[in-house]
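S.K.: Based on what follows, work out the 3D shape:
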Amino acid sequence: MKGIKKLLWFLYQCFVCYTLLIYTLILWVPSGGWMAGFMMMSFPLVVLIHLISVPVWFVVERKKAILPLVMFAAAGLFLSRTYAFNGSKDAATDAGDRQKFTVMSYNVHVFQRLLEYWKGDGLKEIAGMKAWIGDSGADVLCMPEYYDEDETVFDTRNHLRKKGYRHSIYFHRRKSGKSYWGLAIFSKYPIVASRDTIFAAQNGMIQADIKIGRDTVRVIGLHLYSMTLGLSKLVRQKEMEGIESEGRITLRKMKNGFQQRTEEYTLLQEWVDTSPHPVLVCGDFNEVPYSYIYGKLRKSLRNSFEEKGQGFGFTFNHLPYFIRIDHQFYDDKRLLLHDFTTYSKVKYSDHYPIMGTYSFK
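M.R.: Coordinates of the predicted model:
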């Protein structure tokens, strides 16, 4: 029995070393490699194991329960990335005579077009989704996986124009055909300059300089590399062979995703660093709060959820559900954040909308 205890304690000490390495990677983000990506992504599971270890070692050998307790407490360094304790809307930070503006990020999942959800009763829900977006009150809309098709239920552009969104930009402007699929930014305020870059398929970045009163804000809308993991296929597997096959595919996609997004981040940071205007970065990052890109951006910009959000702020509406991969980062030296909301009851898409309210300092 003593031999088993010693072995378990040795293995736990090895796990502590692994944990310290993860904590170090998240704090200093020295590497964007895929191996570091896997390790940082394991953070929630690592913390859970330490939490479970506290009562286990308390029963086995009371003094040794101190180590897992310390390791669990140390995870508090990352609490602000995980859970926001902010209360109601901030009335104390009044904009005075400065003009407030709202920015919504919403991956609309091509309005369910690929799923042919638009047939039958789905038409009502698509119309409801468009109506909700148009009536959301946002001044600027950033929509990854936006879809538009003239003279159909997907004629979203004209619908939004009627709601006051008279200004818009797309990848390489709008294509000449009847339909468009990709990232789009709509604004009730004039867009005075723009540029874009496509990474792969519909993924990429769009930059819009938006004139609001006497000031200009640079909104960078993005959709970083999608892994399309297909976790539902993995969950449905009942045979070990199928689990191993789907598991290998999932890991390969994750590895490729880490590598692709690290390359995309280089250009993103260049856009942020060279901006003459206050910057607001928003969209579908496909990155959790403990990732390389999240950590790097956090060194130069503030995360809106951490400052004014509430609860866990999960933004994904499909497996694995409990993740936050849609973000807004802003230049806190030149912008004030007044409110931030995750609309977790709006379930039209596989993502939840997020919205921040800002003003110029």
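
S.K.: got the contact list for the residue lying closest to His351 once chain neighbours are set aside?
M.R.: Nearest non-adjacent residue to His351, counting by CB to CB, 6 or more residues apart in numbering: Asn107, 3.9 Å away. Using the backbone N, CA and C atoms, a C-beta is placed for each residue, glycine as well. Going by CB atoms under 8 Å, 6 or more residues apart in numbering, Asn107 touches Met143, Pro144, Glu145, His223, Gly283, Asp284, Asp326, Ser349, Asp350, His351.

S.K.: Let me have those in a markdown table, extended by pLDDT, neighbour count and secondary structure.
M.R.: Below are the contacts of Asn107 laid out as a markdown table (pLDDT from 0 to 100; neighbours: other CB atoms under 10 Å; DSSP: H, G, I helix; E, B strand; the rest coil):
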| residue | pLDDT | neighbour count | secondary structure |
| --- | --- | --- | --- |
| Met143 | 97 | 30 | strand |
| Pro144 | 95 | 29 | strand |
| Glu145 | 93 | 24 | strand |
| His223 | 96 | 27 | strand |
| Gly283 | 97 | 27 | strand |
| Asp284 | 97 | 25 | strand |
| Asp326 | 98 | 26 | strand |
| Ser349 | 93 | 20 | coil |
| Asp350 | 92 | 16 | coil |
| His351 | 96 | 22 | strand |
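
S.K.: Measure how buried the nearest residue to Phe322 once chain neighbours are set aside is and give me the count.
M.R.: Nearest residue to Phe322, sequence neighbours excluded (CB to CB, 6+ apart): Phe314, at 5.6 Å. By other CB atoms under 10 Å, 16 other residues sit near Phe314.

S.K.: Ok, Glu287 next?
M.R.: Using other CB under 10 Å, Glu287 has 26 other residues around it.

S.K.: Kindly indicate which of the contacts of Asn107 lies nearest Thr24.
M.R.: Asp326 (26.8 Å; CB to CB).

S.K.: Report the beta-bridge partner residues of that closest one.
M.R.: Asp284 (DSSP bridges).

S.K.: begin at 49 from here
M.R.: Yep, numbering from 49; the last one is Asp374 now.

S.K.: how close does it get to Val188?
M.R.: Asp374 is 15 Å from Val188, where distance means CB to CB, to the nearest Å.

S.K.: same check, this time on Arg205
M.R.: 16 Å.

S.K.: Settle it for me: which of these two has more neighbours?
M.R.: Val188 (28 against 18).

S.K.: from what I can see that one touches Ile239, true?
M.R.: No: look at Val188 against Ile239 with CB atoms under 8 Å: they stay out of range, at 9.4 Å.

S.K.: Spit out the residues that contact the two alike.
M.R.: Ile233, Ala256, Ile258.

S.K.: list the contacts for the last one?
M.R.: Translated: Ile258. Contacts for Ile258 (CB under 8 Å, 6+ apart) come out as Val188, His215, Ser235, Tyr237, Pro238, Ile239, Val240, Thr264, Val265, Arg266, Val267.

S.K.: what about 10 Å?
M.R.: Contacts for Ile258 were tallied using CB atoms under 10 Å, 6 or more residues apart in numbering; they are 149, 151, 187-188, 215, 233, 235-242, 264-267, 325, 328.

S.K.: did I read that right, it in a strand?
M.R.: Yes: looking at Ile258 with DSSP: H, G, I helix; E, B strand; the rest coil, it is inside a strand.

S.K.: quick one: what helix or strand has Gly212 in it?
M.R.: Gly212 belongs to no helix or strand when assigned by DSSP states H and E.

S.K.: just to revisit the earlier point, could you identify the buried members of the contacts of Ile258?
M.R.: Among those, those classed as buried by neighbour count (16 or more other CB atoms under 10 Å) are 149, 151, 187-188, 215, 233, 235-237, 239, 242, 264-267, 325, 328.

S.K.: how about the residue nearest to His399, phi and psi?
M.R.: Dihedral pair for Asn155: phi -80, psi 110, per degrees, to the nearest 10.

S.K.: how far away is it from Thr204?
M.R.: From Asn155 to Thr204 the distance is 14 Å (CB to CB).

S.K.: likewise Leu385?
M.R.: Counting by CB to CB, the gap from Leu385 to Thr204 is 28 Å.

S.K.: Who has more neighbours out of these two?
M.R.: Comparing Leu385 with Thr204 by other CB under 10 Å, the one with more neighbours is Thr204, at 25 against 20.

S.K.: hmm, back to that, identify, from the contacts of Asn155, the entry nearest to Leu367.
M.R.: Using CB to CB, Asp398 comes nearest to Leu367 of the contacts of Asn155, at 9.7 Å.

S.K.: which residues sit in contact with the closest one?
M.R.: Asn155, Val156, His157, Gln160, Leu163, Glu193, Thr363, Phe364, Asn365, His366, Leu367.
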